[in-house]
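Engineer: Dropping a prediction and its sequence here:
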Amino acid sequence: MFKKQSASSAFTIILLILAGEAVFVLPFVLARIFRPTFLEVFAINNTQLGSCFSVYGIVAFVSYLFGGPLADKFKPNKLMAVALFLTALGGFYLASYPSLFLLHVLYGFWGFTTIFLFWAAMIKATRIWGGTNNQGIAFGFLDGGRGLTAALFGTLGVLLFSFFVTSNINDTSLSERQSAFRMVIIAISLIVSVIGVLVYFFLKNDTYSEQNSKISQKLTLQNFKVIMKYPSVWLLMIIILCAYFGYKMTDVFSLYAKDVMKYDDIDSAQVGTYLLYMRPIIGVTIGLLADKTRASFWIVIGFLLMLCTSLIFSTTFINSNETILFVLSIIIMAIGVYSARVLYFATLEEAKIPLALTGTAVGFISIIGYTPDIFAGPIIGYLLDASPGVLGHRHVFMTMAIFSFIGLLAAFAFYKISTKKNA
């Protein structure tokens, strides 16, 4: 019986991991890994792509508020499966290369499918899976596994793109690159659909036990009032906002590799993919450390690393002749970014947030915490387009340094408050 339960538990977290990243591959991972190619085949610039992310963020902003309580009321498998199906449907439409206006509409659609139906349900299911004493490893598995899933998607995308590009990438025409990239989009959309089927039929409905959801059967304003009384909730808003801005900055590494390090399209895409392969290693390691110490402590460390490396990237130290420094800086920044990202929801247990109100808390915190979906893209895009090349990248990383410093202050304050609560 124990082995059967363990197998079921492992299968549950694997499904959560697969679904948790698959739903975001089409809106974000493709553009992160293939950013130079993405801009070329859609004939848009960084600012215009950033505006697409903003539309996504605006729809997500509203979706967080209402999607959180929804996750406290309904079972996860149906919500998450429908989200995956609809997101994949948007992927098939993306393969038709819609106009810029319709690309904005598509990103707004994805803001609804990935957040309103999906996000809080996934977080709550993961928190319950981790229990009282294993929140770090639960979210470490989730985010690390999502990183590995994204890396596998990225590797598959690069392989498919390379396969369908029949000659040297620098000698291909725009139409040839569009045709190759279309095959990448279609293949990924099909995989997302298959994962949706698996989630619908095999994600156990007892992931949410009845005793943990009794007080959340009604979508009431009272639940929000309870959550708002926790000072740690407000600090988590700031922590997630700053950490998520840092995570959004990983979108530009492939472009940095091309603009500053002078890599070609395929090599620059591989930089983004290699970065994703670091995520599972960091996620699981940090999760284990957090369970033995405190999640908030490692978030503080994460922000320190983000601050140091963003300051390095904002200088002239890294150029096409400094490959080793470039690689080391990316590794250190990845450790910082992923440490904060892995653990910020693992702190819900540390902050003593009621389990039954997890969805409501996640929704409320995410309203502010994930606003970088609205403003990060346009800011990054504007800075890159206003000062093309090295200077634009320096401005972008200086902006990240500011957010890292603010996040560091909020994380330290959270650590001090949780220390008193857990004394």
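Structural biologist: Everything's here; your move. Numbers count the residues shown, from 1 in each chain.
Engineer: just checking, what packs against the longest helix anywhere in the chain?
Structural biologist: In the chain, taking DSSP state H as the definition, the longest helix is helix 390-421. Under the contact definition 3 or more CB pairs under 8 Å, 6 or more residues apart in numbering; DSSP states H and E, helix 390-421 sits against helix 231-248, helix 253-259, helix 295-313, helix 323-343, helix 347-350, helix 372-386. C-betas here are computed from N, CA, C, even on glycine.
Engineer: Could you rerun that using 7 Å?
Structural biologist: Helices and strands touching helix 390-421, by 3 or more CB pairs under 7 Å, 6 or more residues apart in numbering; DSSP states H and E, are helix 231-248, helix 295-313, helix 372-386.
Engineer: Would you mind getting the angle between that helix and helix 372-386?
Structural biologist: Inter-element angle recorded for helix 390-421 and helix 372-386: 150 degrees (by axes from the mean of the first three to the mean of the last three CA atoms, to 10 degrees).
Engineer: circling back to that earlier point, export the helices and strands packed on helix 390-421 as a markdown table, with columns for mean pLDDT, mean neighbour count and distance to Ile195.
Structural biologist: Below are the helices and strands packed on helix 390-421 laid out as a markdown table (pLDDT from 0 to 100; neighbours: other CB atoms under 10 Å; distance: least, CB to CB, whole Å):
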| stretch | mean pLDDT | mean neighbour count | distance to Ile195 |
| --- | --- | --- | --- |
| helix 231-248 | 93 | 23 | 22 |
| helix 295-313 | 93 | 23 | 28 |
| helix 372-386 | 88 | 21 | 22 |
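Engineer: So which of those helices is nearest Val41?
Structural biologist: For the helices and strands packed on helix 390-421, proximity to Val41 was assessed by CB to CB; helix 372-386 is nearest, at 17.0 Å.
Engineer: With only the CA atoms kept, save that closest one in CSV.
Structural biologist: C-alpha atoms of helix 372-386 as CSV (Å, rounded to 0.1, in the frame of the first residue of the first chain):
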residue,chain,number,x,y,z
PRO,A,372,5.9,42.8,-14.2
ASP,A,373,3.8,40.9,-16.8
ILE,A,374,2.3,44.4,-17.5
PHE,A,375,5.3,46.7,-17.3
ALA,A,376,8.5,44.6,-17.5
GLY,A,377,8.1,43.9,-21.2
PRO,A,378,7.6,47.5,-22.4
ILE,A,379,10.3,48.8,-20.1
ILE,A,380,12.8,46.2,-21.3
GLY,A,381,11.8,46.6,-24.9
TYR,A,382,11.9,50.4,-24.8
LEU,A,383,15.4,50.4,-23.2
LEU,A,384,16.7,47.9,-25.7
ASP,A,385,15.3,49.7,-28.7
ALA,A,386,16.1,53.2,-27.5
